[in-house]
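Generate a structure from the sequence data that follows.
(one chain, ligands or ions: 1)
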Amino acid sequence: MCRDFDIKTAFKSGKTLRSHLTKVKDTTPITTESSIVYSIPCSCGKVYIGETTRRLEQRVKEHQDACNRGDGKVSAIAEHWQQHHPIKWEEVRVVDRASKNRELKIKEALHIQMTPDNKFNRDIGLELPGCWLSMLCANHPPVSVPSRNLAVYFVLLYHQGEF
Ligand SMILES: [Zn+2]
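Got it, this is the predicted structure:
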C-alpha cells in the first residue's frame, strides 16, 4: 500500500493543507488547552508523551496525584517518579493538537514512536502502519518528533481509508 502512496489524495476534498491545520490561539494559556498531545520531561532527560481530550492542567494534576499516592499502576509517570526521578512539572508542553479523537490518538502514537529511546512511556499508543514511520524517518532523520505537516497528511490519508 505504501507503493501507491500519493500525497495528492490528501486534497481530494478540495481543501488546502493549511485549512486542516489547527488554528492556535496565542492567548490561550497552555494549561487550559484540551484535545492535545503533551510531553512531560524528567530530570534524567527522558520524556513522557500523552494525550488528553480534557484540559492539560487537569491531566497533569492526575499524574501528580498518582505520584503523591505512589500509584505506579495508574501512571507511568508515578512509576518513574518512584524510581527517584524528579519530574520537571514546570516544563510540561503541548506538542500537538487535534480536533478529532481519532486524529489525537494517531498524533500521540506518531510522537511516541518518533521518540525512539528517550521516553518512559509504557506503551507506544495506537498501532500505526510501519511504512508511516519509515517515511517520516526518511524525510526527517535527525528529529525526535514528526513534522507536523507530514503527520497531518497521514491523518488525512488514514481518514480516507488509504491505509
Ligand atoms: Zn527520569
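
Could you say which helix or strand holds the spatially closest residue to Arg69 that is not a sequence neighbour?
Spatial nearest neighbour of Arg69, excluding adjacent residues (CB to CB, 6 or more residues apart in numbering): Ala78 at 7.5 Å. In short, each C-beta sits where N, CA and C put it, glycine included. Following DSSP states H and E, one finds Ala78 within helix 76-82.

what does that helix rub up against?
40, 42, 46, 48, 63, 66-67, 69-73, 87, 120-122 (CB atoms under 8 Å, 6 or more residues apart in numbering).

Swap in 10 Å and give it another go.
Contact partners of helix 76-82, identified using CB atoms under 10 Å, 6 or more residues apart in numbering, comprise 40, 42, 44, 46, 48, 50, 60, 62-73, 75, 85, 87, 89, 119-123.

which of those residues are buried?
By neighbour count, with 16 or more other CB atoms under 10 Å, these hold 40, 42, 46, 48, 50, 60, 63-64, 66-67, 72, 75, 87, 119-121 as buried.

In strands only, show me these.
Judged by DSSP state E, strands contain the following of those: 40, 48, 50.

and Pro116, what are its phi and psi?
phi -60, psi -60 (degrees, to the nearest 10).

Begin at 51, not 1, for the rest of this chat.
Renumbered: residue one is now 51, and that last one reads Pro166.

Measure how buried it is and give me the count.
Neighbours of Pro166 under the rule other CB atoms under 10 Å: 10.

hmm, back to that, spatially, which two of the buried ones among the contacts of helix 126-132 are the most separated?
For those, with distances taken as CB to CB, the pair at the greatest spread is Gln114 and Lys169 (19.0 Å).

where exactly do the helices run in the chain?
67-70, 106-119, 126-132, 151-163, 180-189, 198-209 (DSSP state H).

For these, which has the smallest mean pLDDT value?
Looking over these, mean pLDDT reaches its minimum on helix 67-70, with a mean of 48.

ok so, going back, just name the closest of the buried ones among the contacts of helix 126-132 to the ion, please.
Cys92 (3.2 Å; CB to the ion).
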